[in-house]
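*Asks:* would you be able to build a 3D model of this:
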Amino acid sequence: MTLQYSVLASGSSGNALYVATENQRILIDAGLSGKKMDELLKTIGCQPKELDAILVTHEHSDHIKGVGILARKYNLPVYANAKTWQEMEKDLGTLSSEQKFHFEREEVKQFGDLEVESFGVSHDAAEPMFYVFHHSGKKLVLATDMGYVSERIKGTIKNADAYIFESNHDINMLRMGRYPWSVKRRILSDVGHVSNEDAAHALADVVGEQTSRVYLAHLSKDNNMKDLARMTVSQILDERDCGHGHQFSLYDTDPDKPTELTAV
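*Replies:* Here you go, the predicted structure:
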């Protein structure tokens, strides 16, 4: 079996990714209610009790809302780095010590036949990190909630088969929108979120011969639109002549319905 994945939910209201191999089923973040997470997993044919672990990227509620509920209900191990555990433990509710595991930044862990590599990002959380998944020569990248995409990150995520990549906001929509200036400043800062334009330029630097799919993720409900994100990113990728449209394609993600279960 190849490396399979589904973006269960992506956006300001909640985020979750499902990754599976022949003998591993991993959930990355659970940013919606336990009930909604159950529903989303079953939509793609996964029984939540079949999960092997939950990996956490950082402690913001749109990434951990359902983590504690799922972990208790199905007796699942939860992995996060030490600083993230410190910040999120109070929000997860009671978990047994046997369910709590550490997975630090810039570390590689083996989950059966799935190798998972973590990398730190710049975001206003305790110690945020995201993941690269390796299986049978295939590579899947999850990279959202980044204030900017550093050269170090680009080196780690280069030439993946598929990317779930942040395209959070349109800069003009954000500047003209209803958010208070303090929030706008945070989003635009180096510990905020990546804009459509910045996403496109970063993607142009990292896509390679292996790349076949790019999912635009974590779109702001108030400061972006799917069509606008796709148009902006497409235009810049075409200008950069990096294979968009013939070597790889762009795909949307949704805040409350999963993408099709896909293999890389």
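*Asks:* any idea how far Asn223 is from Arg178?
*Replies:* From Arg178 across to Asn223, the span is 9 Å (Cβ to Cβ, to the nearest Å). Just so you know, the C-beta spots here come from the backbone N, C-alpha and C atoms, and that holds for glycine as well.
*Asks:* ugh, typo on my part, it should be Asp62
*Replies:* 15 Å.
*Asks:* looking at these two, which has the bigger crowd around it?
*Replies:* Each of Asp62 and Asn223 has its neighbours counted (other Cβ atoms under 10 Å); Asn223 has more, 25 against 20.
*Asks:* these two touch, right, that one and Met176?
*Replies:* No. Counting by Cβ atoms under 8 Å, Asn223 stays clear of Met176, with 9.1 Å between them.
*Asks:* check which residues of the top helix by length along the chain are buried.
*Replies:* Using DSSP state H, we find that the single longest helix of the chain is helix 226-240. Neighbour counts over helix 226-240 (16 or more other Cβ atoms under 10 Å) mark 228-230, 232-234, 236-237 as buried.
*Asks:* make JSON lines out of those residues and add distance to Ser249 and pLDDT.
*Replies:* Listed next are the buried residues of helix 226-240 as JSON lines, based on distance: Cβ to Cβ, whole Å; pLDDT from 0 to 100:
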{"residue": "Leu228", "distance to Ser249": "18", "pLDDT": "98"}
{"residue": "Ala229", "distance to Ser249": "14", "pLDDT": "98"}
{"residue": "Arg230", "distance to Ser249": "10", "pLDDT": "98"}
{"residue": "Thr232", "distance to Ser249": "16", "pLDDT": "98"}
{"residue": "Val233", "distance to Ser249": "11", "pLDDT": "98"}
{"residue": "Ser234", "distance to Ser249": "10", "pLDDT": "97"}
{"residue": "Ile236", "distance to Ser249": "15", "pLDDT": "98"}
{"residue": "Leu237", "distance to Ser249": "11", "pLDDT": "97"}
